[in-house]
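Student: Here is the input, now give the coordinates:
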Amino acid sequence: MKKIAFSLVLLFAIISINAQEQETSKDTTKLWTKKGNISLLFNQSSYNKQWLGGGTSNIAGNFGLNYDFNYKKEDIVWDNKFILAYGLTKIKGDEKTAKTDDRLELNSLWGKKAKGQWYYSMFFNFKTQMDTGLDKNDEKISHFFSPAYFQLGPGMLWKKSNNLSVNFSPATAKLIVVHPHFTELGPSFGVLQGDSTRFEFGASISAYYKFNIMTNVSIENRLNLYSNYLDNPQNIDVDYQMNVLLKINKYLSANVALQAIYDDNSVQAVQIREVFGLGVNYGF
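Tutor: Residues are numbered from 1 along each chain as shown. As a prediction, the model looks like this:
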């Protein structure tokens, strides 16, 4: 499965670069604004036998692709963001590799201006993973498109700029999809035993804020909140992502990625993921 995931990662990278080359020559209407970023991060620690401080040699790599394609014409805006991320780590002496990141996500937000910085809006969100997920006992608990999350709903968008916006959707439909073999013995990701889907209806708030704290250092923040009217609406699902980019030169950068998730349908605890690395960064 990891070979398939790596193949998908390379395929998306090639498609994105080729698409950019074609867009440069064809996009003359200026209605679309397109930009993207590809990053390859590497982490490595090594200790010899004489090192008394303790430690385990390891190596890790992470691939990331962020692509924005936004449309604007008169009183219509349509913002789209595609995110792909995959990472592996290998500890010396351990035959197996472990995932450090695995995300495939698409966000689409359409708006028609109402007044000032406010828009009538419709949003769509899809996210899943590419590779197999294992628990602490090496039991398979997830794989590609299982789970898969879909959200869709109308609302109101407040957009000050491309770097600052908040969307409110009080009538959001949410669908969770898992493979039936994960619910044979019990619930999985909120889907009940014996089922393969779970439908929810609630309210969603999504916010985006990107800013520079100094020259060549930018911070991108994304926050998604969701409350299910049909089941314990007081339990709010939280998904916060922060990406810090420290640009060294045109191609080299240091990246910090932080993600915090709370979803009581999956795990009744806060899940935190952090990745830091030095690597190659290519903007297009």
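Student: in stretch 253-270, what counts as buried?
Tutor: Neighbour-count burial for stretch 253-270 flags 253-255, 257, 259, 261-263, 265-266 (criterion: 16 or more other Cβ atoms under 10 Å). Heads up, the C-betas are built off the backbone N, CA and C, glycines and all.
Student: farthest-separated two in these?
Tutor: Farthest-apart pair in these is 253 and 265; separation 35.9 Å (Cβ to Cβ).
Student: now, which of the buried residues of stretch 253-270 lie within helices?
Tutor: Here DSSP state H is the test, and the buried residues of stretch 253-270 give no hits in helices at all.
Student: In strands, which of those fall?
Tutor: 253-255, 257, 259, 261-263 (DSSP state E).
Student: what's downstream of the helix or strand bottoming out on mean pLDDT in the chain, the next helix or strand?
Tutor: Within the chain, confidence by mean pLDDT, DSSP states H and E is lowest for helix 2-26 among all helices and strands, at a mean of 44. Counting by DSSP states H and E, the next helix or strand C-terminal to helix 2-26 is strand 32-45.
Student: Need the contact partners of stretch 94-106.
Tutor: Residues outside stretch 94-106 that contact it (Cβ atoms under 8 Å, 6 or more residues apart in numbering) are 2, 5, 60, 62, 64, 80-91, 124-131, 133, 138, 257, 273, 275.
Student: related to what we said a few turns ago, now the ones in strands among the buried residues of stretch 253-270 as a markdown table including distance to residue 166 and pLDDT?
Tutor: Converted to a markdown table, those look like this (distance: Cβ to Cβ, whole Å; pLDDT from 0 to 100):
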| residue | distance to residue 166 | pLDDT |
| --- | --- | --- |
| 253 | 28 | 91 |
| 254 | 29 | 90 |
| 255 | 25 | 88 |
| 257 | 22 | 90 |
| 259 | 20 | 94 |
| 261 | 20 | 95 |
| 262 | 20 | 95 |
| 263 | 21 | 92 |
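Student: Tell me the one among the residues you listed nearest to residue 281.
Tutor: Nearest to residue 281 among those, with distances taken as Cβ to Cβ, is residue 253, at 3.8 Å.
Student: Thought residue 39 was touching that closest one, still the case?
Tutor: Yes. Residue 253 lies in contact with residue 39 (Cβ atoms under 8 Å); the separation is 7.1 Å.
Student: and of the buried residues of stretch 253-270, the nearest to residue 155?
Tutor: residue 263 (21.0 Å).
Student: which SS state does residue 86 fall under?
Tutor: Following DSSP: H, G, I helix; E, B strand; the rest coil, the label given to residue 86 is strand.
Student: And it, what's its pLDDT?
Tutor: Per-residue pLDDT puts residue 86 at 96.
Student: about what we covered before: need the residues touching each of residue 253 and residue 39.
Tutor: 279-281.
Student: what about residue 243, neighbour count?
Tutor: 22 (other Cβ atoms under 10 Å).
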